[in-house]
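> Structural data only, the sequence is not supplied:
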């Protein structure tokens with residue numbers, strides 16, 4: 001065993017830990033369900049090895065700060081012209097909504113939408129290497145198609161300028177990819193909203 005004599009929580013200690021599997025990091029690395037599954041700790045090790053700077057900024061604030069730059073990159077790469085729109089409200093139920101980062105008209109209708117995320121470098125790399133939108137954004141993806149029944153395609157963009165090898169990319173989701181889930185979760189939301197209305201009515205009667 002080797003020992004690096006640095007004080008815990010010092011800058012030297014933090015630097016010495018980068019790219020190494022420590023006891024506190026192990027839980028984010030091992031998947032008990034299936035050892036071949038890759039958890040976020042795996043992608044953090046890659047980020048560390050690429051010498052990416054530490055992530056101290058609030059993800060939501062970073063997302064707002066980088067949104068315009070990300071949309072500009074999307075337009076440049078895709079050749080599509082993105083419009084800013086307001087809150088989208090479902091015609092099926094006025095209490096079902098979503099807030100698109102941008103949208104594109106086809107034959108006068110918003111049939112293409114754009115969502116952009118600026119996540120931690122580890123999560124950015126996870127999405128790039130797996131070519132999948134992270135699970136915690138699953139319902140955000142579905143809500144686009146639930147709210148806008150004419151939506152054909154969603155471009156889910158990822159932008160992290162710290163990851164210089166691949167700072168920007170997007171994943172295309174078509175309605176045909178999610179049609180079954182869209183119907184399921186549209187019906188679920190309508191059921192929940194009906195239950196909420198009943199309870200509110202009972203409490204205010």
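Ah, there it is. Keep in mind that this is a model prediction, so the values were computed, not measured.
> CA atoms for contacts and neighbours, from now on please.
Will do.
> Packing partners of the longest helix along the chain?
Across the chain, the longest stretch assigned as helix under DSSP state H is helix 175-204. Helix 175-204 sits against helix 138-147, with contacts defined as 3 or more CA pairs under 8 Å, 6 or more residues apart in numbering; DSSP states H and E.
> What's the first helix or strand after the helix or strand bottoming out on mean pLDDT in the chain?
In the chain, no helix or strand scores lower on mean pLDDT, DSSP states H and E than helix 23-26, which sits at a mean of 50. Using DSSP states H and E, the helix or strand that follows helix 23-26 in sequence is helix 40-49.
> Of all the residues in the longest helix of the chain, which ones are buried?
Of all the residues in helix 175-204, those buried under the rule 16 or more other CA atoms under 10 Å are 175, 182, 186.
> Hmm, the second one is touching residue 148, no?
Right, residue 182. No: taking CA atoms under 8 Å as the definition, residue 182 is not a contact partner of residue 148, at 10.7 Å.
> Counting neighbours, which bits of stretch 156-174 end up buried?
Neighbour-count burial for stretch 156-174 [16+ other CA under 10 Å]: 156-160, 162-163, 167-171, 173.
> What are the contacting residues of it?
52-53, 66, 70, 73-74, 114-121, 124, 128, 131-133, 152-155 (CA atoms under 8 Å, 6 or more residues apart in numbering).
> chain center to the longest helix of the chain: distance?
23 Å (CA atoms, centre = their mean, to the nearest Å).
> show me where pLDDT drops low in the chain?
Along the chain, segments meeting pLDDT under 70 span 1-37, 51-56.
> let's go with 90 and repeat that
Flagging of the chain using pLDDT under 90 yields the residue ranges 1-65, 85-86, 92-93, 95, 120-122, 135-136, 164, 197, 200-202, 204-205.
> Tell me which strands the lengthiest strand in the chain pairs with, and in which orientation.
Secondary structure of the chain per DSSP state E: the longest strand is strand 109-117. Counting by DSSP bridges, the strands paired with strand 109-117 are strand 102-106 (antiparallel), strand 153-159 (parallel).
> Next up, the contacts around the nearest residue in space to residue 103 that is not next to it in sequence.
Excluding its sequence neighbours, the residue lying closest to residue 103 (CA to CA, 6 or more residues apart in numbering) is residue 113, at 4.1 Å. Contacts for residue 113 were tallied using CA under 8 Å, 6+ apart; they are 100-104, 144, 151, 153-155.
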